[in-house]
Structure formats: C-alpha cells, structure tokens
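> Model the following, please.
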Amino acid sequence: MKLLIDFFPIILFFVAFKVWGIYTATAVAIVATIAQIAYLRVRHGKVEPMQWVSLGVIVLFGGATLLAHNDTFIKWKPTVLYWLMGGALVIGQLVFRKNLLRSVMGAQLQLPDNAWRTMNWSWAAFFAVMGALNLVIAYRFDTDTWVNFKLFGGMGLMLVFVIGQGIYMSRFMQEDKGEAAAATPDALPPSGVQQDKQP
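Here you go, the predicted model:
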C-alpha cells in the first residue's frame, strides 16, 4: 500500500499524459501530490521532510510549466529533486558530520560506521547520476520518451540500485549474526555429559 501511495502521482501523471498531453498531466501531478500529502497527514499524522520538498518542487516547476506553457520546467523537476536529495546527504556528511541515512534508518538497521558512510555516498552519487541522466533524456529525446523514462526507466534503475544496496547491507548483517553466535556461551552441557560437581 505504501509503495502505491509513493508512486501515486507519477502513475497518474503517466496516464494523464498518454490521454491528454503534458500540460494536463502536469496539473494532475500537482493535484495528486497535494492529495498524497493530505492522505499521509491524515492517515499517519506526519509527513517526511523530503515529501514536503517534493510537494514544493512539483508546485513550483509544475506551476511554471502551466503559466509559461513551457514543458521545460516540468522536465527539470526530477533533476532538481534528485540533486536536492543528493546535496542534503553530502552537506549532512561534510558540514554537519551527520549521516542522514543513519538518522532515518538507524532504528531498523544495525550497521557499522563504515557501512553507513558507504551507503550515504552511494546514494548521493546515485542521485547525482539520475539527475544528470534525466536532463540527457529530456534534451536529447522527445517528450513521449522522457515520460516513459520517468516512469519505467527511473523506477527500474531505482529498483536495481536498492537491490544492490540490500546485497551490500546483507554482508554486514550476516557478519553480525556470526559474531553474535560465536560470542554466545553454551548454556547447557552436551546431552549425556554430567557436569562436575562442586566440592
């Protein structure tokens, strides 16, 4: 259900584009994102900071697209959002000495410091590449190709990257389990072996 809510605006954008074109699709994306935020606020009582940022970006660039009747603005929207997220990870690490990924996911995952640093820089690099790739598709290909990439290409690359991160994290989880098992003393002697009695 959460996955459907997360991709709700982009799916509606894709459908609206195929039926009515880029400008109607942009308006639909704005309304869908507002509805998404409202639902999360009512249903869960809070909205993550990056979701507020996403709302601000779609309203700003989507609104500019509709007012100027120029689809260049909406095509820049994914790049701006990717680079904002990547920039936040970099600034958090370098300026504030704070790993934002660890702040968000640390309660669910127990990983060593070097693993968190690697993941933080990996996500920052991924967002930088995705932002640049979006511009390449937007300026080198037609709008129909860009919309297809936005849904299928973007989601596909994200899925592959997340799977890769999961494989990377699993290494440390297995190491932790092995260390925990090695450190756990035997509570009972083997069956059939009598313990030495105390004098």
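
> Any idea which helix or strand in this protein has the lowest mean pLDDT?
Least confident element among the helices and strands of the chain, by mean pLDDT, DSSP states H and E: helix 154-183 (a mean of 80).

> show me the contacts for Leu81.
53-54, 57 (Cβ atoms under 8 Å, 6 or more residues apart in numbering). Every residue, glycine included, has its C-beta placed from N, CA and C.

> what does the average pLDDT come to for the helix or strand harbouring Val90?
Element membership for Val90, per DSSP states H and E: helix 72-94. Within the predicted structure, the mean pLDDT of helix 72-94 is 97.

> Got phi/psi on Trp52?
With angles defined as degrees, to the nearest 10, Trp52 shows backbone torsions of phi -70, psi -40.

> I should have written Ile30 there, sorry.
Backbone geometry at Ile30, expressed as degrees, to the nearest 10, gives phi -60, psi -50.

> my read: it touches Gly56, true?
No. In this structure, Ile30 sits apart from Gly56 without contact. The criterion is Cβ atoms under 8 Å, and the distance is 11.2 Å.

> Which one's more surrounded, the two?
Summary of the neighbour comparison: Ile30 and Gly56, criterion other Cβ atoms under 10 Å, with Ile30 having more neighbours (22 against 13).

> contacting residues around the more buried one?
By Cβ under 8 Å, 6+ apart, the contact set of Ile30 is 58-59, 62-63.

> separation between it and Leu101?
Ile30 is 29 Å from Leu101, where distance means Cβ to Cβ, to the nearest Å.

> need the contact list for the residue nearest the centre of the chain.
Most central residue of the chain, judged by C-alpha distance to the mean C-alpha position with Cα atoms, centre = their mean, is Met158 at 7.8 Å. The contact partners of Met158, taken as Cβ under 8 Å, 6+ apart, are Met130.
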